[in-house]
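Undergrad: Just to be clear, the model below is a prediction. Sequence and coordinates:
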Amino acid sequence: MHETESAEQAGTHVMLPPDTRDAAPDVLSEAQRALAEPGLVVLTGGPGSGRTRLLARLGEAFSGPVFAGGGLATLRDVPAFALTRAVRVRLPGHDAPLLAEAVRARVRGGLLVLDDLQWADPVTLAALPLIAAHTRVAVALRTPHRVPGPALAALRAAAAAWLAVPPLTSAEASALVSGVAPGLDPAAVAAVVRQAGGSPLACQALARHAQQTGGTGDDAGDLRHAIAGALADLTRPARTAMAALGLLGRPVPAALLGSGAAELADNGLIASLPSAIPAGDPVESITGTLSVVSATTRPTRADLGMVAAVSPYVAEVAAGMLDADARAALHRRLARLVPPREAVRHLAAAGDTDEAYRMAVSAARTTNRAGERAELLLLACRLPGAVPDAEVRVAAARAALATGQPAAAAAVLAPLEHAVAFESTVVEARVLRAEALLQAGDLDGARHSAAGIPAVLAPELLAARDRVLLLTDLADDPAVAVGTAASVIARHGEQPAHTGLRAALAAVAAARRAYGWENALASATAAAGDAGDALTARWSAWVLVETLAADGRLPEAAHLAQVAAGACQADLAYSWQTRFVAAGLWAAALRGHAVTAVPAQAPARAEPAIPAFGAGLPSPGQPPRGVATVPAQPAAPSVVEPVLADLVVHRAGDLMDRSLPALARAYAAAAAGLVEADAGLLGAARARLDAAPRTPVAGWVAAEIAWLDGQPDRAAGWDPDTDRIPLLSGLHRITARWAALDGAPIDVTGLESAAGGPTAIHQTLSAWAASSAAAPSAFAASAAAWSSVVLREQVRCLIAQGLHEDESDLAVRALLTAEDLAERAGLVVLRGRAQRALRRHSVRRDIRGPRAGDELTAREQQVMRLVAAGDPTRRIAGQLGVSAETVETHIRSAMRKLGARTRTEAAVRVREALMS
């Protein structure tokens with residue numbers, strides 16, 4: 001995916017009405033009211049808009065006889081054919097008044113229904129106003145059409161109601177798509193709805209195709225034929241304007257479409273948007289004329305402002321109707337009217353490869369955004385028939401790396417890997433390709449590529465090569481990397497001039513948690529930003545965020561991730577942006593609460609301060625500034641509130657609906673999965689994690705979900721790479737302790753301690769290993785240590801304290817505190833665990849309901865709702881804090897009262913009763 005996708009998606013408009021119909025008229029009801037007495041009702045709409053369906057519903061609702069007919073495209077010249085189909089007798093087609101009298105005599109008090117009036121002959125059109133004077137008539141007229149102006153004016157004058165069939169709302173369209181293709185996920189449903197533009201027929205056809213192929217193209221020739229037939233009735237300027245919208249694929253100023261825009265608006269094929277072009281600015285149109293944009297955005301023929309196709313699918317069909325020469329000519333014309341970034345693609349589509357290459361290279365030199373530069377240069381290198389020189393390939397690779405596309409960078413440099421010449425550009429390309437392979441995760445390829453570069457290089461290239469070799473050693477074995485770092489320092493000094501090498505040395509210091517590693521990484525980030533080295537600035541910022549999170553310093557990690565994401569967004573570095581956003585969501589989800597106020601005093605212990613990103617990665621909306629400092633360990637928050645879990649899930653889900661780097665997808669899935677699992681949505685959380693890449697973060701969340709779901713035997717093992725992440729390593733050991741307590745066959749030897757991480761981890765593991773007499777106080781101290789780190793671990797320590805406490809009063813006090821914290825934080829499963837422990841001390845949380853008669857108690861209703869949601873008994877027991885046997889008792893009681901033979905039947909009956 002290109003880094004510009006987020007910007008492009010921000011400009012995508014789905015031209016659907018709001019989900020509420022309060023302001024929109026009920027077309028069916030208005031038509032029925034108008035037909036309460038003789039008169040003419042005209043329903044208009046585009047192809048596939050549901051006109052025929054509405055006519056059928058009108059006929060079904062009418063209490064008298066219904067005479068249904070309509071025109072046919074192949075028989076549009078046969079006199080009175082549409083009326084003959086309706087009354088099924090031969091009619092006088094040579095005289096309109098005589099024809100009207102013959103039809104009136106046949107229909108009388110019934111309802112005359114005519115579909116596809118755009119294909120009716122002139123005699124039928126002339127007779128309709130005369131028929132409607134004494135008979136109820138309902139007709140459907142497709143737009144656009146070729147009904148002559150005088151005939152159309154006569155129909156309008158005679159009509160009791162002229163109603164436009166509204167498009168489906170987004171909710172209605174989503175429901176229709178889900179009904180036709182129930183296997184589509186929400187993202188695919190949204191894509192189909194956006195493509196169909198509220199057309200029922202398009203929704204159905206595109207949904208079937210999406211279910212079969214996974215794309216949003218179409219496989220319905222009838223639909224394309226119907227749309228093409230309608231577009232053929234437009235004038236040539238209007239057809240060209242619609243085709244231009246199809247080729248552009250985005251909203252444009254109406255003035256750019258020329259004179260055809262007004263006709264498209266009259267036929268409901270385009271809709272106005274708020275204009276992004278200043279009033280009074282001249283805009284050249286596809287016809288070559290200049291128009292001036294007015295300040296109004298009201299959809300009038302005089303000025304439509306910014307417009308978009310109501311249905312992108314219809315616009316694509318219009319573009320497909322062009323022959324090859326006409327399409328190429330329109331692409332060339334559009335290339336003159338759009339920004340260079342789009343013009344390059346239009347020229348390439350038109351076959352003008354040389355011009356597209358020159359424009360791409362030229363535009364890349366002038367743009368200030370790395371995302372646009374990478375897109376233009378990569379496109380230039382990929383143009384068929386183009387032969388980019390080494391300088392262009394190197395520039396494309398640098399831009400791709402800066403925006404987080406290492407695979408594209410490596411691919412564009414591949415042709416230079418085996419070049420014989422050793423001029424500086426070719427050597428630079430080889431060093432850069434080694435960096436690209438390293439960023440892509442191909443350590444062996446990066447090491448091999450860097451090792452093949454001669455040591456006799458310019459200082460800048462030698463430092464870049466040494467950076468790759470150092471970081472490959474760091475990824476394989478941090479202990480070896482320490483020795484490599486010493487050799488690098490001996491060659492380049494402790495503070496190398498090369499910003500990338502300086503950041504690599506800071507990363508080695510961070511891996512072994514050397515004193516001042518935070519300052520070293522943050523300073524390297526700022527220095528790289530000041531030097532214009534975007535790759536190093538973003539990479540070192542990412543290492544800083546991950547290392548802070550690995551040490552349990554989640555508030556700092558979340559804050560720095562937010563700042564870095566804002567800077568990447570401004571530069572259209574989509575890949576890097578999504579990584580930082582996902583990491584911030586993970587930190588928020590794991591921490592479980594939000595700091596609302598932080599005291600201004602300095603931390604109690606003197607630790608190095610972390611420089612902010614400064615000029616390298618400025619805060620969103622702030623001008624570049626020098627290196628500022630923030631406390632490395634902020635004091636405990638004076639006010640702590642539960643995190644907005646729904647917001648985390650919503651943002652993570654929205655992120656996962658896009659094309660993401662594997663690391664960003666893993667962090668987003670872990671964040672949403674952990675929140676959903678803690679909220680009791682264990683099935684959804686497990687499905688989300690199953691589709692995520694395998695990373696240490698996703699691995700721990702999967703183990704935690706298994707434990708929360710009452711499957712402790714699946715929560716034992718973990719990836720050895722997790723031991724490099726102190727926080728996750730400790731959490732894995734804590735989860736394994738809980739799994740062993742629940743009966744999993746786990747050897748707890750070696751789980752007494754973990755390397756690194758927050759103090760709370762070591763206190764918790766020591767509490768598990770403590771004697772029965774010392775364990776309660778040890779768990780109480782652990783809970784206090786977790787209070788400002790991870791809220792859910794604080795709750796677990798309080799539960800463990802209650803389970804190990806011998807004195808009932810002290811145990812109840814700890815468990816009540818755990819229950820209260822879990823309740824406020826939305827930790828449903830842990831709250832159930834606390835309530836189950838409270839039952840041992842005769843503290844019950846059962847919801848008592850009426851027991852007389854055949855009514856379900858409140859607890860039985862609660863259990864059956866969870867059964868209806870598909871939760872197994874063990875999961876229900878965990879959420880409600882009761883035993884599995886108690887859940888089965890409630891289910892059997894509900895089945896008996898409802899007269900159901902299975903639990904599924906009982907759940908369905910409960911759901912139906914609640915819905916009614």
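TA: Structure's in. What do you need? Remember, predicted model here, so these are calculated numbers, not experimental data. Numbering: from 1, shown residues only.
Undergrad: and stretch 264-283, average pLDDT?
TA: For stretch 264-283, mean pLDDT rounds to 62.
Undergrad: before we move on, what about stretch 682-702?
TA: If you average the per-residue pLDDT over stretch 682-702, you get 87.
Undergrad: ok, now stretch 551-568?
TA: Stretch 551-568 shows an average pLDDT of 91 in the prediction.
Undergrad: lowest confidence element among the helices and strands of this protein?
TA: None of the helices or strands of the chain scores lower by mean pLDDT, DSSP states H and E than strand 629-630, at a mean of 34.
Undergrad: if I read this right, Gly584 contacts Ala558, doesn't it?
TA: Yes. In this structure, Gly584 sits in contact with Ala558. The criterion is CB atoms under 8 Å, and the distance is 4.8 Å. C-beta coordinates here come from the backbone N, C-alpha and C atoms, glycine included.
Undergrad: Would you mind giving the domain segments of the chain?
TA: With automatic domain parsing as the criterion, the domains of the chain are listed as 27-164, 170-219, 657-674+682-839, 858-915.
Undergrad: Distance to Glu435 and mean neighbour count added to these, as JSON lines?
TA: Formatted as JSON lines, the entries for the domains of the chain read as follows, by distance: least, CB to CB, whole Å; neighbours: other CB atoms under 10 Å:
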{"stretch": "domain 27-164", "distance to Glu435": "52", "mean neighbour count": "19"}
{"stretch": "domain 170-219", "distance to Glu435": "33", "mean neighbour count": "19"}
{"stretch": "domain 657-674+682-839", "distance to Glu435": "17", "mean neighbour count": "20"}
{"stretch": "domain 858-915", "distance to Glu435": "47", "mean neighbour count": "18"}
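Undergrad: Which one, of the ones you listed, ends up nearest to Ala360?
TA: Counting by CB to CB, Ala360 lies closest to domain 657-674+682-839 out of these; the figure is 22.5 Å.
Undergrad: Tell me how far that closest one lies from the chain's centre.
TA: When C-alpha coordinates are averaged (CA atoms, centre = their mean, to the nearest Å), domain 657-674+682-839 and its chain have centres 29 Å apart.
Undergrad: what does the average pLDDT come to for stretch 896-910?
TA: When pLDDT is averaged over stretch 896-910, the result is 76.
Undergrad: Restrict it to CA atoms and write it as PDB.
TA: What follows is the C-alpha trace of stretch 896-910 in PDB, where atoms were taken according to Å, rounded to 0.1, in the frame of the first residue of the first chain:
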ATOM      1  CA  ARG A 896     -38.100 -26.500  31.200                       C
ATOM      2  CA  LYS A 897     -40.000 -23.200  31.600                       C
ATOM      3  CA  LEU A 898     -39.800 -22.400  27.900                       C
ATOM      4  CA  GLY A 899     -40.700 -25.900  26.800                       C
ATOM      5  CA  ALA A 900     -37.500 -26.200  24.700                       C
ATOM      6  CA  ARG A 901     -35.800 -29.500  24.000                       C
ATOM      7  CA  THR A 902     -32.300 -28.000  23.400                       C
ATOM      8  CA  ARG A 903     -30.400 -25.000  24.800                       C
ATOM      9  CA  THR A 904     -30.300 -23.500  21.300                       C
ATOM     10  CA  GLU A 905     -34.100 -23.600  21.000                       C
ATOM     11  CA  ALA A 906     -34.400 -22.000  24.400                       C
ATOM     12  CA  ALA A 907     -31.900 -19.300  23.500                       C
ATOM     13  CA  VAL A 908     -33.800 -18.500  20.300                       C
ATOM     14  CA  ARG A 909     -37.100 -18.200  22.300                       C
ATOM     15  CA  VAL A 910     -35.500 -15.900  24.800                       C
END
